[in-house]
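[1] Structure for this input, please:
(chains A and B)
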Protein chains: 2
Amino acid sequence: MDKPNIGHHISKQFNTELEDTLNRVLAMGGLVEQQLDDGIKALIEGDAELGRLITTRDYKINALEVAIDEECTQIIARRQPTASDLRLIMSVIKTIADLERIGDEAERIGRMAVAFSQAEGSKKHFAGIESMGEQVKQMLHNALDAYARMDAEAAVDVWRQDRKVDTKYENITRQLITYMMEDPRSIPWVLDVLWSARALERIGDRARNICEYIIYFVKGKDVRHTSLEHMEKEVR
Amino acid sequence: MDKPNIGHHISKQFNTELEDTLNRVLAMGGLVEQQLDDGIKALIEGDAELGRLITTRDYKINALEVAIDEECTQIIARRQPTASDLRLIMSVIKTIADLERIGDEAERIGRMAVAFSQAEGSKKHFAGIESMGEQVKQMLHNALDAYARMDAEAAVDVWRQDRKVDTKYENITRQLITYMMEDPRSIPWVLDVLWSARALERIGDRARNICEYIIYFVKGKDVRHTSLEHMEKEVR
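    The predicted structure is shown next:
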């Protein structure tokens, strides 16, 4: 199966519509990446102001989700797409839902940053979070990059990275539980760190979902709920 | 705007297809409800066997999601639906994504039940969970019932219930943190209870999402990310 090309329509207007939609998805992805970067930064640096700023910006991501969704419905109604055009629209609808929820998780991290900055937290608990944050940021960035190029092989690579994120998350959880048991007074704010780690783990899962939609568009195969091995076979 | 009627097509075949799809969504909803009921039961009663059973059944829900999604794409490609038909298909695509994730949360509760049954947990921690579980089960049930009847007013009522679930969740969290501080050895398994409460809270959010799709279908208005007041105005 050849890689579908979105610029193949006789109607130039239709080509433009599809390209515009994809560009809006990528712009939404850029906003979400910014929120995640700032969320991690606010948490690690104890920057309450930045944390609060994040919570005031989430509405932009929500608005983009609703607008792009409406655009997709309009395109289906007016253009009656089939085959790879329809798969593209479907992949957009699913991708923006995951992007919106990544935005929610980033907002959650922003709120934790505000709470944490007011607690007597120690920076020692952030060592794991910082490197997990880097992994997840990279994963989201690479997923959006693969989306921009509709590159199924790159999507499989990103999907594979999620295993490392999950392992990291398990290690951090174990470490934080030890801290809490050693110093029970720290429980409330160590829990905030734990929730943040959880949010990062979820963002990894959602970046992985986006990779599955790329493969669906390019290969015409729904690889959700299958194994990495199955996915590799489909993409090869 | 009158309530859309799905049985209005000249093509009997198309009517049947839409009805079949809706029936499959409701069957999927039934499976998800069962998983949630069993998850809460396994947790409260310390029933590890039931907990394990839940984890072996999640694949059925995943398979239904993929199959119904494919069916919707086929209907769009073949029938080129517009207006309320297209909104119906869009609401189905979104609803099954939320149902699948409610299934994931129920599976998570099942895994917690297995872990908890092996710990030296005390039942006193479950008082709040049990009644929160009842609230969330009721909420999901009512959301699916509103979906079956495509009843926008009932959807608003269910949406409203989520506030109570959120309040309950906050109270449970506070209580569990107190338990952990009083008895740090209990931290690992009290955390399992806390994760279960979190899973229930998320299920409430997703039941609320389903209500938003009902309103979208019936009223043609996307009420996501708006307020209860706005939603009530649209539905009235």
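[2] which residues are contacting stretch A:34-46?
    With contact meaning CB atoms under 8 Å, 6 or more residues apart in numbering or on different chains, stretch A:34-46 is reached by A:47-48, A:50-51, A:53-54, A:57-58, A:61, A:102-103, A:105-107, A:109-110, A:112-114, A:116-117, A:121, A:123, A:126, A:129-130, A:133, A:136-137, A:140, A:196, A:200, A:203. Placement of C-beta: from N, CA and C, glycine included.
[3] Can you say which of these are buried?
    A:47-48, A:50-51, A:54, A:57-58, A:61, A:102-103, A:105-107, A:109-110, A:112-114, A:116-117, A:121, A:126, A:129, A:133, A:136-137, A:140, A:196, A:200, A:203 (16 or more other CB atoms under 10 Å in any protein chain shown).
[4] Remind me what the strand or helix carrying A:L144 packs against, helices and strands.
    Secondary structure from DSSP states H and E places A:L144 in helix A:127-149. Contact partners of helix A:127-149 among helices and strands, from 3 or more CB pairs under 8 Å, 6 or more residues apart in numbering or on different chains; DSSP states H and E: helix A:12-45, helix A:152-182, helix A:187-219.
[5] Let me have those in TSV, adding mean pLDDT as columns.
    Shown next, in TSV, are the helices and strands packed on helix A:127-149 (pLDDT from 0 to 100):
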stretch	mean pLDDT
helix A:12-45	96
helix A:152-182	96
helix A:187-219	96
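[6] how about the nearest residue to the residue nearest the centre of chain A, chain neighbours excluded?
    Among the residues of chain A, the one closest to the centroid is A:A207, at 4.1 Å (CA atoms, centre = their mean). Nearest-residue entry for A:A207: A:A143, 4.3 Å, with adjacent residues in sequence omitted and distances by CB to CB, 6 or more residues apart in numbering or on different chains.
[7] and the gap between that neighbour and chain B?
    As defined by CB to the nearest CB, to the nearest Å, A:A143 lies at a distance of 18 Å from chain B.
[8] just to revisit the earlier point, so which of the helices and strands packed on helix A:127-149 comes closest to B:H9?
    helix A:12-45 (26.6 Å; CB to CB).
[9] how about the residues of chain A near chain B?
    Selection of chain A residues close to chain B by CB under 8 Å from any CB of the partner chain yields A:59, A:62-63, A:65-66, A:69-70, A:73, A:76-77, A:80, A:82-83, A:86-87, A:90, A:93-94, A:97, A:177, A:180-181, A:184-185, A:187-188, A:191, A:222, A:224-225.
[10] okay, now A:L22: neighbour count?
    Neighbourhood size, A:L22 [other CB atoms under 10 Å in any protein chain shown]: 19.
[11] What of A:W195?
    A:W195, neighbours per other CB under 10 Å, totals 18.
[12] Look up the closest residue to it, ignoring the ones flanking it.
    A:M112 (5.9 Å).
[13] got it, and A:S122?
    The nearest residue in space to A:S122 (CB to CB, 6+ apart) is A:S186, at 7.9 Å.
[14] Can you say which of the helices and strands packed on helix A:127-149 is nearest to B:V165?
    Going by CB to CB, the one of the helices and strands packed on helix A:127-149 nearest B:V165 is helix A:187-219, 18.1 Å.
[15] State the mean pLDDT of the very next helix or strand once past that closest one.
    Going down the chain from helix A:187-219, the next helix or strand is helix A:228-235, by DSSP H and E. Across helix A:228-235, the average pLDDT comes to 91.
[16] Tell me the gap between helix A:228-235 and the middle of its chain.
    Mean-position distance between helix A:228-235 and its chain equals 21 Å (CA atoms, centre = their mean, to the nearest Å).
[17] now do stretch A:124-132
    20 Å.
[18] mind listing what the residue nearest to A:A207 touches?
    A:155, A:158, A:207-208, A:210-211, A:214.
[19] 7 Å instead, please
    A:158, A:207, A:210-211 (CB atoms under 7 Å, 6 or more residues apart in numbering or on different chains).
[20] Relative to chain B, how far out is the residue nearest to A:W195?
    In terms of CB to the nearest CB, A:M112 sits 14 Å off from chain B.
[21] From the contact counts, what lies against whichever strand or helix holds that residue?
    Assessed by DSSP H and E, A:M112 sits inside helix A:83-117. In terms of contacts (3 or more CB pairs under 7 Å, 6 or more residues apart in numbering or on different chains; DSSP states H and E), helix A:83-117 is packed against helix A:12-45, helix A:48-79, helix A:187-219, helix B:48-79.
[22] Alright, I will stop here.
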